[in-house]
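1. the following comprises the amino acid sequence and a computationally predicted model.
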Amino acid sequence: MTKRSTKEQRSIELERLLAELRRRSLYTQKHSLPPLVVNNVDASPMVLVPGGKFEMGDGLDEDCGKHSVYLDSYYIGMYMVTNRQYKVFIDATGHRAPSQGAWIDAVSVWQGDTFPEEFATHPVVCVNWDDAKTYAEWAGCMLPTEAQWEKAAKGLQGYLYPWGDDWDEDKCRNRSNRLQDLTSEVYGYPDGVSGYGTWNQSGNVYEWCADWYGERYPETGSRENPEGPDEGSLRHERGSCWRYSDSLSFRCSKRSFCVPGALNDFRGLRIVKRLS
């Protein structure tokens with residue numbers, strides 16, 4: 001297969017995915033804001049999550065009790081940030097390349113400041129929280145709060161998993177179906193797309209969130225656009241990853257946290273753009 005035919009095939013696949021997103025969209029006729037935009041800095045397709053209340057938490061763990069939260073409208077990345085996108089970022093800014101993990105077994109596909117072409121559309125990993133935040137700001141965006149991440153994952157129906165209330169290991173990348181490459185393309189597992197049109201919010205890799213770690217949702221405090229504690233030593237992450245197979249860890253409401261400096265091959269990022 002020639003390089004040209006490979007590019008043509010990828011273009012056809014992207015058009016198919018965008019057409020499927022438009023088909024799934026619940027908001028094309030109900031909102032003046034477009035359901036899909038493309039970020040002009042890093043070319044990330046971003047889907048609209050309309051403002052309103054949603055039920056955050058699922059009550060299945062002590063730290064994720066159910067409660068009502070109001071969020072303003074925002075756009076969130078349809079996909080996680082890819083190696084190809086991150087390459088543009090480091091070329092433009094001189095930022096550190098994600099070529100080394102913190103553990104001896106945290107292997108990066110990057111070689112110096114580049115990577116094999118077959119991993120171009122896989123999520124970038126071996127990025128710490130500061131790396132992720134710097135990328136998001138360069139792209140004119142930010143990291144999602146826990147609440148923004150969870151609302152997008154649950155969809156309008158408030159599902160336990162992005163695709164529904166029943167666990168299905170074939171709808172996300174996990175330990176039971178990972179391959180030699182470990183991660184998958186960010187547009188992999190189309191049956192696991194959320195109701196808002198986001199891909200891989202369960203599985204593949206964990207995603208950094210903006211919030212400092214809070215042991216429990218606060219009994220009092222903001223239920224409108226919450227941003228978590230003002231300070232802390234750990235940052236939240238969401239979504240689980242290819243290392244795990246326990247179905248409970250892939251829930252939309254499942255909370256996890258990590259030291260901000262962690263560099264692992266199972267953690268990446270997704271970006272958010274607020275409208276105000």
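-> Received the coordinates, thanks. Residues are numbered from 1 along each chain as shown.
2. do a quick rundown of the helices in the protein.
-> 3-24, 83-93, 129-138, 146-154 (DSSP state H).
3. what's the first-to-last distance across stretch 93-107?
-> Using Cα to Cα, to the nearest Å, the gap from the first to the last residue of stretch 93-107 comes to 24 Å.
4. could you do stretch 178-191 as well?
-> Between the opening and closing residues of stretch 178-191 there is a gap of 16 Å (Cα to Cα).
5. ok, now stretch 92-110?
-> One end of stretch 92-110 sits 17 Å from the other (Cα to Cα).
6. buried residues, that stretch. List them.
-> The neighbour-count criterion (16 or more other Cβ atoms under 10 Å) identifies His95, Arg96, Ala97, Pro98, Gly101, Ala106, Ser108, Val109, Trp110 as the buried residues of stretch 92-110. From N, CA and C alone the C-beta is placed, and that goes for glycine too.
7. same question, stretch 56-71
-> Neighbour-count burial for stretch 56-71 [16+ other Cβ under 10 Å]: Met56, Gly57, Asp58, Cys64, Val69, Leu71.
8. quickly note the distance from the first one to Asp63.
-> Just to be clear, that refers to Met56. From Met56 over to Asp63 the distance is 12 Å, taken as Cβ to Cβ, to the nearest Å.
9. which residues do these two both contact?
-> Common contact partners of Met56 and Asp63 (Cβ atoms under 8 Å, 6 or more residues apart in numbering): Tyr217.
10. what is the nearest of the buried residues of stretch 56-71 to Leu160?
-> Comparing these against Leu160 with Cβ to Cβ places Asp58 closest, at 6.3 Å.
11. follow-up on the earlier one: point out the least confident one among the buried residues of stretch 92-110.
-> Scanning those for pLDDT, the low point is Gly101. It has 69.
12. remind me which residues of this protein are low pLDDT?
-> By pLDDT under 70, the weakly predicted segments of the chain are 1-8, 10-11, 14-15, 17-31, 101-105, 276.
13. Val124: how many residues sit nearby?
-> By the other Cβ atoms under 10 Å criterion, the neighbourhood of Val124 contains 31 residues.
14. need the nearest residue in space to it, chain neighbours excluded.
-> Spatial nearest neighbour of Val124, chain neighbours left out: Tyr86 (4.1 Å); criterion: Cβ to Cβ, 6 or more residues apart in numbering.
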